[in-house]
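Student: Sharing a model prediction with you, sequence too.
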Amino acid sequence: MSPGRDGQGTTTPVIARAPAPSEGPAFSRYVDLTMPPGALGPLMEPVLRILASAATRGAVALGKLPVTLGIPDVRAAALLFAGDHGVARQKGVSAFPCEVTAQMVANFVSGGAAMSVLSRRRGMTLDVCDVGVATPLPPSPQRFAQARNVTLHDWNIPREKRGHVDYLFGSRDISEEDALHPDDHQGVFERARVLARTRVEKDGVNVMVLGEMGIGNTTPATALAALLLREDAAAITGVGTGINLIARRHKSDVVRRAVDRFRATHSTATQAFAQGTMEVADAHALLASLGGFELSAMAGAACGAAESGCHVVLDGVICTAAVVPFALVFPELKGWLIAGHRSAEPAHGKLLGLLSLSPLVDLNLRLGEGSGAAVACGLLQDAVALLQEMSTFADAGVSTG
């Protein structure tokens, strides 16, 4: 990769190799626990990677985490990015109206959404970032008190540029034109990258959960997947929030048009992805063209967390599609990624295969918000408790056979 291809006046992420599971001090305790070798391997492997990385970050990070028998806790934070999509309003690809995005942001902030509940249960802070919501946020529902673990960030780039409420509707219609101007994409990418680094370096976070909210955002995610996987849109377009068969066919046609437009107008990046020669500028071009504000933000947050030595738990197809282009450009990024779950969207499993990741949870979830990743975080916390509290063979006086 040539850093000079960035072309945006910002620094290129520098991501180190993630330590292997066997490199951390937790591994020696793991192999002595009272269970057959590898009995909980798929569960323990990502936790051992997290703990190995925490050890390499040294006393500064470990000093902020409770430690039991030399095993630090998992401290997770969740970043949720919300933005609207012109393709949803112009092409009718969702079962829900676009105004739901703003309404759900208020629900997150008040503590009443699924991700709000799960983040509280996991002991996570939840940063909700308005990066491109098209309508004003309604008052938060009064059923719940203001959630103490939630922080709302107003990073709404269209509103900032227009200076008043009547501003551009989220991202543009990807079937007709690029979703974002390159500067807008880069702006939200960098803000999210900085936020992720701040949470890791100031709060001692060693696991980052990424989530999103944006009516219609499975459409850009599927378009990204179709290009990256070189699959026909019809084969990987799902039902999103619950559209019927006729609407699904229409959605796949919209996805196909978006991909065809990208191939026609961004031939250099298209060729680079097809040949495996992509550089950072190609990843930025792809996300700006076929993504949206919240997808750009998730990609930036993943890079920022990995730069700081923090593992990232991916949620569903939208989150995964946003991160894959940069994981292809920066191979080291893959070592910092954990697949929280495999969603019901047909493109998601294929994208995880592209990253060589196996999901911790496979329940055909399709809620989004980061909810599947938050569910997986509970398993990671349970795995750490096993490492901290389970007896070794020697402690329990159990024969190793």
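Tutor: Looks like it arrived, so ask away.

Student: Just checking, which helix or strand of this structure averages the lowest pLDDT?
Tutor: None of the helices or strands of the chain scores lower by mean pLDDT, DSSP states H and E than helix 59-62, at a mean of 46.

Student: Contacts only, for the closest residue to residue 315 other than its chain neighbours.
Tutor: Nearest residue to residue 315, sequence neighbours excluded (C-beta to C-beta, 6 or more residues apart in numbering): residue 373, at 4.2 Å. All C-beta atoms are positioned from the backbone trio N, CA, C, and that covers glycine. Residues near residue 373 by C-beta atoms under 8 Å, 6 or more residues apart in numbering: 78, 209, 210, 211, 313, 314, 315, 319, 340, 341.

Student: Then residue 287?
Tutor: Residues near residue 287 by C-beta under 8 Å, 6+ apart: 185, 189, 224, 295, 296, 299, 322, 325.

Student: Quick check: the farthest pair among those residues?
Tutor: Pairwise distances across the contacts of residue 287 (C-beta to C-beta) peak at 14.8 Å, for the pair 189 and 224.

Student: In which helix or strand does the residue nearest to residue 315 reside?
Tutor: Using DSSP states H and E, residue 373 sits within helix 371-389.

Student: and the next element down the chain from that helix?
Tutor: The helix or strand immediately downstream of helix 371-389 is helix 393-396, counting by DSSP H and E.

Student: what's the spacing between that following helix and its chain's center?
Tutor: Between the centre of helix 393-396 and the centre of its chain there are 40 Å (C-alpha atoms, centre = their mean, to the nearest Å).

Student: Against which helices or strands is it packed?
Tutor: The helices and strands touching helix 393-396, judged by 3 or more C-beta pairs under 8 Å, 6 or more residues apart in numbering; DSSP states H and E, number zero.

Student: Would you list the phi and psi of residue 314?
Tutor: Reported as degrees, to the nearest 10, the phi and psi values for residue 314 are phi -80, psi 150.

Student: same check, this time on the one 5 residues further on
Tutor: Backbone torsions for residue 319, taken as degrees, to the nearest 10, come to phi -60, psi -50.

Student: Same check on residue 370?
Tutor: Here is the backbone geometry of residue 370 (degrees, to the nearest 10): phi 100, psi 10.

Student: Quick one: neighbours of it, just the number.
Tutor: Other residues near residue 370 come to 31 when the count uses other C-beta atoms under 10 Å.

Student: In contact with it, which residues?
Tutor: Listed by C-beta under 8 Å, 6+ apart, the contact partners of residue 370 are 78, 79, 80, 115, 209, 210, 211, 212, 315, 319.

Student: same check, this time on residue 20
Tutor: For residue 20, the contact set (C-beta under 8 Å, 6+ apart) comprises 49, 52.
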